[in-house]
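[1] predicted coordinates and the sequence they were generated for:
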Amino acid sequence: MNNNSKPIIMGNDHAGFHLKNIIKKYLTDMGIDVEDAGAHTEESVDYSDFGISVASMVSSGSFERGILICGTGLGMSMAANRFSNVRAALCNGIFSAEMSRRHNNSNILVMGSRVTGEGVALEIVKHWLETPFDGGRHQMRIEKFNNMGKRI
Ligand code: RB5
C-alpha cells in the first residue's frame, strides 16, 4: 500500500508547532493534502486535546493516517492509543518507523520535537508513508488488541 496521495491529519501542541509546519510543507510539496487540527501557535496548550482530536478522526475512519507531534511524543501517543482502531507509533528513528508499518500497521506516526531533529523527522515521515504493512501473522496479532474497549 502506498498512502502518498491520501489526506493526512496532523496535530501538535506548542512544542510541536515548528516541526509540524516543516512536515506539513514537506507533505504538501509532495502533493499530499494535510488537514491541520492545530495547535496553530506556540502558545502553551494541552497536548491531550490535539492528540484526542486527531486520534478520534483516525478511529472513526475520517482519516486513514495521522501525524502527532509534541515535545517528546510520549503524551500524544498515550492519548492517541486509547482509541479503538488507532495504532499510534512513537518513532525516534527510521527503523522504528518502518517496523511500525510492516509489523504494526501503524496509522498514526508520533514524534517528539525535542527528541528528533528536523532532517531525521522528514526521513521518518518518508519511510513511514512508503512502507507497506506485511499482513499475515501480524494482522492476527493486531486483531487481539485493536478494538478492546475498556479493561479493568
Ligand atoms: C509540553 O511541555 C510537553 O509536556 C509536551 O509537549 C509533551 O512532551 C508531552 O508528552
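    Received the coordinates, thanks.
[2] mean confidence for stretch 125-140?
    Here stretch 125-140 scores 98 as its mean pLDDT.
[3] could you list the contact residues of this structure toward the ligand?
    Within the chain, the positions adjacent to the ligand are 13, 15, 47, 70-72, 74-75 by C-beta under 6 Å from any ligand atom. Bear in mind the C-beta positions are built from the backbone N, C-alpha and C, glycine included.
[4] among the residues you listed, name the buried ones.
    Using 16 or more other C-beta atoms under 10 Å as the burial test, the residues of the chain next to the ligand include 13, 15, 47, 70-72, 75 as buried.
[5] can you add pLDDT and secondary structure and give these back as CSV?
    Listed next are those as CSV, based on pLDDT from 0 to 100; DSSP: H, G, I helix; E, B strand; the rest coil:
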residue, pLDDT, secondary structure
Asp13, 98, coil
Ala15, 98, helix
Tyr47, 98, helix
Cys70, 98, strand
Gly71, 98, coil
Thr72, 98, coil
Gly75, 98, helix
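[6] ok, of the residues you listed, which one's closest to Ser60?
    Distance to Ser60 across those (C-beta to C-beta) is lowest for Tyr47, with 20.4 Å.
[7] hang on, isn't that closest one packed against Ala79?
    Yes - applying C-beta atoms under 8 Å, one finds Tyr47 in contact with Ala79, separated by 7.0 Å.
[8] where do the helices sit along this structure?
    For the chain, helices defined by DSSP state H occupy the ranges 17-29, 47-59, 74-80, 94-102, 118-130, 137-143.
[9] relative to helix 118-130, how tilted is the fourth one?
    Helix 94-102 and helix 118-130 are oriented at 20 degrees to each other (axes from the mean of the first three to the mean of the last three C-alpha atoms, to 10 degrees).
[10] cool, the second one as well?
    Here helix 47-59 points in a direction 20 degrees away from that of helix 118-130 (the same axes, to 10 degrees).
[11] buried sites along helix 47-59?
    Neighbour-count burial for helix 47-59, counted by 16+ other C-beta under 10 Å, picks out 47, 50-59.
[12] show me what that helix is packed against.
    strand 8-12, strand 65-70, helix 74-80, strand 108-112 (3 or more C-beta pairs under 8 Å, 6 or more residues apart in numbering; DSSP states H and E).
[13] hmm, back to that, quick check, nearest of the residues of the chain next to the ligand to Leu109?
    Cys70 (12.6 Å).
[14] measure that closest one to Ile23 for me?
    As for Cys70, its distance to Ile23 is 13 Å (criterion: C-beta to C-beta, to the nearest Å).
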